[in-house]
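Trainee: sequence and predicted structure are below.
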Amino acid sequence: MLKDSPGSLNFTMFLAILGDHLQVYSVASPTSASDIVPAFEQLDLHKTGKLDVNVLKEALMTMGDRMNEEEVNAVIKDAPKTDSEGLFIDYREFVRLIKSPF
């Protein structure tokens, strides 16, 4: 992903690149969890394995193929939380759930 950046990679550039990559990967493509997890890791500044729901919500609503608030809330509702208040998502487990066959 860094090679796709024209200069230093900041948060805004990361989100733009992530949006571009997500558009390239369709449901039919064989995207693996190892392709997706590094994108979430870029948002995990403290390397905790969890993402703040508000950070994820902002990214999904402002970059790439933008989602509306209703769509984002539906995604976040089903994402695995790491705390009882539901403020953080376990993104590795989230990717596992997304990539698991039905």
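Mentor: Thanks, I have the structure now.

Trainee: quick one: the strands in the protein?
Mentor: In chain order, the chain shows strands spanning 50-52, 88-90, with DSSP state E as the criterion.

Trainee: I'd assumed residue 74 was in contact with residue 60.
Mentor: No: in this structure, residue 60 sits apart from residue 74 without contact. The criterion is Cβ atoms under 8 Å, and the distance is 10.8 Å. The C-beta positions use only the backbone N, C-alpha and C, and glycine is treated the same way.

Trainee: who's more crowded, the two?
Mentor: residue 60 (21 against 11; other Cβ atoms under 10 Å).

Trainee: what about residue 94, how many neighbours?
Mentor: The local packing of residue 94 (other Cβ under 10 Å) involves 23 other residues.

Trainee: and of the strands of the chain, who's closest to residue 44?
Mentor: Between residue 44 and the strands of the chain, the shortest separation by Cβ to Cβ is 6.0 Å, and it involves strand 50-52.

Trainee: on contacts alone, who are the packing partners of that closest one?
Mentor: Under the contact criterion of 3 or more Cβ pairs under 8 Å, 6 or more residues apart in numbering; DSSP states H and E, the helices and strands touching strand 50-52 comprise strand 88-90.

Trainee: for the strand it packs on, packing partners?
Mentor: Contact here means 3+ Cβ pairs under 8 Å, 6+ apart; on that basis strand 88-90 packs against strand 50-52, helix 53-62.

Trainee: partner strands of the first one, parallel or antiparallel?
Mentor: Sheet pairing for strand 50-52, assigned by DSSP bridges, gives strand 88-90 (antiparallel).

Trainee: leaving out sequence neighbours, find the closest residue to the most centrally placed residue in the chain.
Mentor: Within the chain, one residue has its C-alpha closest to the average C-alpha position: by Cα atoms, centre = their mean, that is residue 40, at 4.8 Å. For residue 40, the nearest residue in space outside its immediate sequence neighbours is residue 91; the separation is 4.0 Å by Cβ to Cβ, 6 or more residues apart in numbering.

Trainee: now do residue 47
Mentor: Sequence neighbours aside, residue 41 is the residue nearest to residue 47 in space, at 7.5 Å (criterion: Cβ to Cβ, 6+ apart).
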